[in-house]
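**Q** How does the following fold in three dimensions:
(one chain, ligands or ions: 2)
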Amino acid sequence: MSTQASDYSVFWNEVMKQMQTDMSEQEYEMWFKRMVYLDSNDTEIVVSVPSSFYRDQVKQRYLSRIESELYELSGNKLQIEFRVQRVETPPHIERERDPVEKPARKEKPKEKKAHPNLRAEYTFDDFVIGQNNSFAANAALAIAKNPGTGYNPCLVYGGVGLGKTHLIQSIGNFVHNQYDNLRVVYVTMENFTNDFIQSIREKKMQAFKNRYRYADVLLIDDIHFLQNKPETQEELFHTFNALYDSNKQMVFTCDRPVSEIRDMTDRLRSRFERGLNVDLQPPSYETRYAILKKKIESSGIDIPDDVISLICTHVTTNVRDLEAALTRLIAYAELVNKTITLEIAQQQLKDIFASPKQSNVTIDVIQRTVADYFNLSNQELKGKKRTKIIAFPRQVAMYITREITEYSTTEVGLEFGGRDHTTVMHACQRIDSRMRTDPTLEPTIQVLIRTIKEQVSKS
Ligand code: ADP
Ligand code: MG
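**A** Ligands and ions are numbered 1, 2, ... in the order given. A predicted model of the protein is given here:
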């Protein structure tokens, strides 16, 4: 029996055993004896086969069965890569030995394998702590050290690129590496949902339940994906209760406080709110600097301090954008084999710095700023009235939202008093065409955008 969710060689062996019991000895000898497990990562298992003919035959006859067996066991859609290894087979690998035995022999049994669904580099060691995230980071570390005993469940929320996934996976990696007997299950809400739908379709609900309910630590990333998914909410509710009752640790992340997720059943919401809710804020200048310093050290590329300050001054949104700027510079430095100077950095990052997309701008800030500017209340701006004096500022606010955030027209509509997405599209078109005839409009919008960004960087 496999107890290690992460060990794909173990799963592979299980499948091979299954095959052996399911078919005649001859058939098994013919097709499975010469297939050798080589390696695996979180998406695929690599096995060697003696020829391409053999590979094609196995694929045709058994691939879908192998894959579904693996899925049943591991809960992951693993691909199989068949590597044809004819003469290259080193002499010390004895062909005739039972392939099922091989992986166990090849590995050093002491060393624990990486968790298949976690990125090994997401660790507490690599997470820079600042004022913006210290509460969340310390809570996460406390949970990782003593899962299931204190803060349960824990919900980490915050905007895009602020380190939610990094933190939740750090918990997973820590537990996975420190505790031999604890089973860590990490899944995004989206994958959980897809898994759920597929399990219903294939009538494999028991296997689905087993995958999540036998976790000691269940980590679910991005639960805002539950919005408008009543059946998945229902299923998660039961999963939650089962784990909660047996004191298993649960950690969730969300891009907003749960109270702001629309269409979530009250009973599920109250479950999320039951434990510890912690937020992640955008990093301050000093924290941005510390994060970049750390990343630069590990990259081994020399980047002067004035360049670091330059990036930190201009990229204020989140850590992901910060990393993107740095990656661009490092790639450039490697390409042209030059040291990065302030000038080069300015040149290379020009468009990043000018980018209008400020991902931590909220619709609320936009609404307030625009309402303020036109002397309206926020209520009026979002309300039902369609008099010209209100409708125009509303269109401006919608237009700006689409310009400087990533929200879809549907989302924007919902935030503006539950309007339809076509209304938002229409508003944007109106403003666009009006800008062509009214030369004062564009400067007005620019002033508003600047004010909004100032608000955001101050907060
Ligand atoms: P989210 O899930 O909130 O959108 P991520 O966890 O994916 O954000 O973080 C985006 C990137 O920024 C990742 O590469 C992550 O490692 C990095 N990152 C975020 N916060 C920190 C931090 N405090 N220290 C170091 N790296 C961080
Ligand atoms: Mg994430």
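
**Q** So which residues of the stretch 201-350 of the chain form helices?
**A** In the stretch 201-350 of the chain, the segments counted as helices under DSSP state H, counting those that start in this stretch are 205-213, 230-245, 266-274, 285-299, 305-314, 319-336, 342-354.

**Q** Just the C-alphas of the third one, formatted as PDB.
**A** Extracted C-alpha coordinates of helix 266-274, given in PDB (Å, rounded to 0.1, in the frame of the first residue of the first chain):
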ATOM      1  CA  ASP A 266     -23.600  31.200   4.500                       C
ATOM      2  CA  ARG A 267     -22.800  27.900   6.000                       C
ATOM      3  CA  LEU A 268     -19.600  27.500   4.000                       C
ATOM      4  CA  ARG A 269     -18.700  31.100   4.500                       C
ATOM      5  CA  SER A 270     -19.000  30.700   8.300                       C
ATOM      6  CA  ARG A 271     -16.700  27.700   8.100                       C
ATOM      7  CA  PHE A 272     -14.000  29.700   6.400                       C
ATOM      8  CA  GLU A 273     -14.400  32.500   9.000                       C
ATOM      9  CA  ARG A 274     -14.300  30.100  11.900                       C
END
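
**Q** list the buried ones in stretch 274-288?
**A** For stretch 274-288, the neighbour count (16 or more other Cβ atoms under 10 Å) marks 275-283, 287-288 as buried. Quick note: C-beta positions are derived from backbone N, CA and C, even for glycine.

**Q** Run the contact check for that stretch versus ligand 2.
**A** No - shown here: stretch 274-288 not in contact with ligand 2 (Cβ under 5 Å from the ion), separated by at least 10.6 Å.

**Q** how far does that stretch stretch from start to finish?
**A** Start and end residues of stretch 274-288 are separated by 32 Å (Cα to Cα, to the nearest Å).

**Q** Is that stretch positioned near ligand 1?
**A** No - applying Cβ under 6 Å from any ligand atom, one finds stretch 274-288 out of contact with ligand 1, separated by at least 6.7 Å.

**Q** How about residues contacting that stretch?
**A** For stretch 274-288, contacts defined as Cβ atoms under 8 Å, 6 or more residues apart in numbering pick out 128, 130-133, 135-136, 139, 151-159, 162-164, 167, 250, 257-258, 291, 311-313, 315-319, 322, 360.

**Q** Then stretch 228-237?
**A** For stretch 228-237, contacts defined as Cβ under 8 Å, 6+ apart pick out 189, 192-193, 196, 220, 226, 262-265, 267-268, 271.

**Q** and the residue of the stretch 51-200 of the chain found nearest ligand 2, what helix or strand is that in?
**A** When distances are taken as Cβ to the ion, the stretch 51-200 of the chain approaches ligand 2 most closely through T165, which lies 3.2 Å from it. Using DSSP states H and E, T165 falls within helix 164-178.

**Q** quick one, what contacts the residue nearest to A144 when sequence neighbours are not counted?
**A** Spatial nearest neighbour of A144, excluding adjacent residues (Cβ to Cβ, 6 or more residues apart in numbering): F174 at 3.8 Å. The neighbours of F174, taking Cβ under 8 Å, 6+ apart as the test, are 123-124, 141, 144-145.

**Q** Check M398 too.
**A** Taking Cβ under 8 Å, 6+ apart as the criterion, M398 is in contact with 412, 416, 424, 427-428, 431.

**Q** what's the farthest-apart pair in those?
**A** Longest distance between any two of these is 13.9 Å, between F416 and I431; criterion Cβ to Cβ.

**Q** Pick out the lowest-pLDDT one from the contacts of stretch 228-237.
**A** By pLDDT, R262 ranks lowest within these, coming in at 79.

**Q** Next, count neighbours for whichever residue of the stretch 101-250 of the chain sits closest to ligand 1.
**A** Here the stretch 101-250 of the chain gets closest to ligand 1 at one residue, G163, 2.8 Å apart by Cβ to the nearest ligand atom. Using other Cβ atoms under 10 Å, G163 is surrounded by 25 other residues.

**Q** Would you agree it is in contact with N133?
**A** Yes - counting by Cβ atoms under 8 Å, G163 sits close enough to N133 to count as a contact (6.2 Å).

**Q** what residues are shared contacts of these two?
**A** Overlap of the contact sets of G163 and N133 (by Cβ under 8 Å, 6+ apart) consists of 127, 280.

**Q** sorry, back to before: please indicate which of the contacts of F174 are buried?
**A** Buried subset of those (neighbour count, 16+ other Cβ under 10 Å): 123-124, 141, 144.

**Q** possible to save the contacts of stretch 228-237 as CSV with neighbour count?
**A** Written out in CSV, the entries for the contacts of stretch 228-237 read as follows (neighbours: other Cβ atoms under 10 Å):
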residue, neighbour count
M189, 21
F192, 25
T193, 19
F196, 20
I220, 26
L226, 27
R262, 11
D263, 10
M264, 21
T265, 14
R267, 12
L268, 19
R271, 20
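
**Q** Tell me which two of these sit farthest apart.
**A** F196 and R262 (20.0 Å).

**Q** if we take the contacts of stretch 228-237, which one ends up nearest to D420?
**A** Using Cβ to Cβ, R262 comes nearest to D420 of those, at 15.3 Å.

**Q** give me the number of residues near the nearest residue to that closest one once chain neighbours are set aside?
**A** Distances taken as Cβ to Cβ, 6+ apart place Q227 nearest to R262, at 5.6 Å, with adjacent residues excluded. The burial metric for Q227, expressed as a neighbour count using other Cβ under 10 Å, is 15.

**Q** burial count for the closest residue to R119 other than its chain neighbours?
**A** What sits nearest to R119 in space, not counting adjacent residues and going by Cβ to Cβ, 6+ apart, is Q169, at 6.0 Å. Q169 sits with 25 neighbouring residues when counted by other Cβ under 10 Å.

**Q** Could you work out the end-to-end span of stretch 167-186 for me?
**A** Terminal residues of stretch 167-186 are spaced 12 Å apart (Cα to Cα).

**Q** how far is it from where the chain is centred?
**A** Chain-centre distance of stretch 167-186: 16 Å, with Cα atoms, centre = their mean, to the nearest Å.

**Q** anything in it near ligand 1?
**A** No - for stretch 167-186, no contact with ligand 1 is found by Cβ under 6 Å from any ligand atom; the gap never falls below 6.7 Å.

**Q** Identify each buried residue in that stretch, please.
**A** Neighbour-count burial for stretch 167-186, counted by 16+ other Cβ under 10 Å, picks out 167-177, 183-186.

**Q** and which of those residues is nearest V10?
**A** Using Cβ to Cβ, the shortest approach to V10 within those belongs to R183, at 12.8 Å.

**Q** Which residue is the nearest non-sequential neighbour of that closest one?
**A** Excluding its sequence neighbours, the residue lying closest to R183 (Cβ to Cβ, 6+ apart) is D216, at 4.9 Å.
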